[in-house]
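K.L.:
3D, please:
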Amino acid sequence: MVYNSSSLAGQVGAVESGLAVAVLTQCSAPSHLEVLGRDHGLGPLEPMEVSVFRSQASQNSEAVNRLHALLVKTLRIASP
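P.N.:
Prediction:
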């Protein structure tokens, strides 16, 4: 059976209720959940590609420029 939710809260709720396991980024996994891995018969996941898009209209926004830079920096740090 597969459960799909576009919200992190929905995914975590399914895990907390004991109905599911979920693939989450390390930074979004609540500390009270158990992280499964090799000891549970699960190997590492393949790397995934992430893209950051922004509109043309946002090019002159200092707030969007800072958020964009933070996202790119954070994603680069997390990549192998």
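
K.L.:
grab the longest helix from this structure for me.
P.N.:
helix 62-78 (DSSP state H).

K.L.:
care to break the protein down by domain?
P.N.:
1-43, 46-80 (automatic domain parsing).

K.L.:
what's the least confident stretch among those?
P.N.:
Ranked by mean pLDDT, the domains of the chain end with domain 46-80 at the bottom, a mean of 87.

K.L.:
for it, which positions count as buried?
P.N.:
Of the residues in domain 46-80, His68 count as buried by neighbour count, 16 or more other CB atoms under 10 Å. C-beta coordinates here come from the backbone N, C-alpha and C atoms, glycine included.

K.L.:
for that domain, what is the distance to the chain centroid?
P.N.:
Relative to its chain's centre, domain 46-80 lies at 14 Å (CA atoms, centre = their mean, to the nearest Å).

K.L.:
over to stretch 7-16?
P.N.:
Centroid separation for stretch 7-16 versus its chain: 13 Å, with CA atoms, centre = their mean.

K.L.:
Asp39: what's it in contact with?
P.N.:
With CB atoms under 8 Å, 6 or more residues apart in numbering as the criterion, no residue contacts Asp39.

K.L.:
sorry, wrong one. I was asking about Ala29.
P.N.:
Contacts of Ala29 (CB under 8 Å, 6+ apart): Val35.
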